[in-house]
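# Sharing a model that was predicted from the sequence below.
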Amino acid sequence: MADYIIKRLLQGILVVLAVSIILFAIMQMMPGDPILLICGDRVSPEIQAQVRAEWGLDQPVVVQYLNWLSHALRGDFGQSIITGQDAWTLIQSRLPYTLLLSGLALLLQYLIGVPIGLLAAYKHGSLFDRAVVWVSTMLWSVPSFWLGVILVLVFSVTLGVLPVSGFSGPASLVLPLCALVIPGLASVIRMARADAMDVLYEKMVVTAYAKGLNNRRVLLGHVLRNAMIPTTIMFFLSLPWVVGGSVVIEKIFAWPGMGQLLWSSITKQDYPMVQGIVIIIALLTVISNTIGDLLTGWLDPRIRNELRGPAA
C-alpha cells in the first residue's frame, strides 16, 4: 500500500509539473502585453523596459519559467503584476469562499442525488423511475450560467428576496448554490442509478435475498456499498473541477472566491496569479485522485488485496 501511495504521489508531481509548463507556455502566447496594463500607452519605452526588467519579463521564456518554478517550490508564487500584492496571500484570502461554495455544492449533489438514484434503480420501470430519468435529463441540459442569470432575475431583481451578488451572509449562498447544484445533480442521479442497476442483478444480491435479508439490509449493505465504488471515484475527481468550474458562477454572482480572481487575472494577463491558482487546482486534483483511489480500495476487497500484493 505504501509503495502504491508513493507511486501515485510521484505521478502526481509529474502531472503538476506538466501542467505548469503548458500553462506557462499558454500565458506567454496570449496576445497583449501586461506591462502596457501597468504603465499605460503614454509611458515612454525606456520606462516600460525598466518595468519589464524589474518583473523579469525581459529574460528568455525558459529562464522565466525556471525562476518561477524555483520560487514556487518554496511556496512563493510571486507578486501580482496588476496590484503588486503577494499572489499566495491573495489566493489564501479567496480560497475559503471558493471551498465553501464548491464544497457545499458538491456535498449537496451527492447527498441528494445518490439516494434518489438508488431508489430509482430499485423501482426500475416504475412511474417514479421514469420521472427521475426525465427530470435528470432536463436538468442535465440546463447550463449553469444560464440558470444563474435566471435565478438572479427571478429571486433578486423581480421578487427581491435574495441578495443579487457578493457575500453578506448565509442568504448569499442560496442562488450560487442552486446554480451549481441543480445541473450537477442530474449527473449524480444518472450515475448512481446506472451503477445501482448493475449491482442489483449480480449474484450476491440474489443470494442476499435468498438468505431472507430485508430490502433495507440488501440495499444498504450490498447494493449501495458496491455501487458507491465508481461514485466515490467521481466524487473526488469532481472536487477540483467544481472549484475550477465555478469561475463563471462566481463571476455572475460577484462571489469573492478564487474563480473570480482567476477570471480577472486571465483578462488582465496577470501571469503570477493565473499560474498560482491553476497550480493549486492541479494539486487539489492530484490529492483528490489519490484519496479516491485509496477509498476505492477500501470499498472493493479485490482492489485492496491487489494493493497489498501477493500473500507470503
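Perfect, thanks for sending it. Numbers count the residues shown, from 1 in each chain.
# gap between the strand or helix carrying Tyr97 and the chain center?
Element membership of Tyr97, judged by DSSP states H and E, is helix 87-122. Relative to its chain's centre, helix 87-122 lies at 9 Å (Cα atoms, centre = their mean, to the nearest Å).
# Then stretch 272-287?
11 Å.
# burial of the closest residue to Ile5 other than its chain neighbours, as a residue count?
Here the nearest residue to Ile5 in space, its sequence neighbours aside, is Thr290; by Cβ to Cβ, 6 or more residues apart in numbering that works out to 6.9 Å. In this view, the C-beta of every residue, glycine as well, is placed from N, C-alpha and C. By other Cβ atoms under 10 Å, the residues close to Thr290 number 17.
# just checking, what packs against the helix or strand containing Thr290?
Per DSSP H and E, Thr290 falls inside helix 271-299. When contacts are defined as 3 or more Cβ pairs under 8 Å, 6 or more residues apart in numbering; DSSP states H and E, helix 271-299 packs onto helix 2-29, helix 61-72, helix 87-122, helix 225-245, helix 258-267, helix 301-308.
# Tell me the first helix or strand C-terminal of the longest one.
It refers to helix 87-122. helix 127-140.
# Report the angle between that following helix and helix 87-122.
150 degrees (axes from the mean of the first three to the mean of the last three Cα atoms, to 10 degrees).
# can you pull the buried residues of stretch 148-161?
148, 151-152, 155-156 (16 or more other Cβ atoms under 10 Å).
# likewise stretch 117-136?
Neighbour-count burial for stretch 117-136 [16+ other Cβ under 10 Å]: 117-122, 129, 132, 136.
# Pull out the C-alpha coordinates of it and format them as PDB.
C-alpha atoms of stretch 117-136 as PDB (Å, rounded to 0.1, in the frame of the first residue of the first chain):
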ATOM      1  CA  GLY A 117     -30.600   7.300  -8.000                       C
ATOM      2  CA  LEU A 118     -30.500   4.200  -5.700                       C
ATOM      3  CA  LEU A 119     -34.300   4.400  -5.200                       C
ATOM      4  CA  ALA A 120     -34.900   4.800  -9.000                       C
ATOM      5  CA  ALA A 121     -32.800   1.800  -9.700                       C
ATOM      6  CA  TYR A 122     -34.700  -0.300  -7.100                       C
ATOM      7  CA  LYS A 123     -38.000   0.800  -8.700                       C
ATOM      8  CA  HIS A 124     -36.800   0.300 -12.200                       C
ATOM      9  CA  GLY A 125     -39.500   0.700 -14.800                       C
ATOM     10  CA  SER A 126     -42.000   2.400 -12.400                       C
ATOM     11  CA  LEU A 127     -43.500   5.800 -12.700                       C
ATOM     12  CA  PHE A 128     -41.000   7.200 -10.200                       C
ATOM     13  CA  ASP A 129     -38.100   5.800 -12.200                       C
ATOM     14  CA  ARG A 130     -39.300   7.300 -15.400                       C
ATOM     15  CA  ALA A 131     -39.900  10.700 -13.700                       C
ATOM     16  CA  VAL A 132     -36.400  10.700 -12.300                       C
ATOM     17  CA  VAL A 133     -34.900   9.800 -15.700                       C
ATOM     18  CA  TRP A 134     -36.900  12.600 -17.400                       C
ATOM     19  CA  VAL A 135     -36.200  15.200 -14.800                       C
ATOM     20  CA  SER A 136     -32.500  14.400 -14.600                       C
END
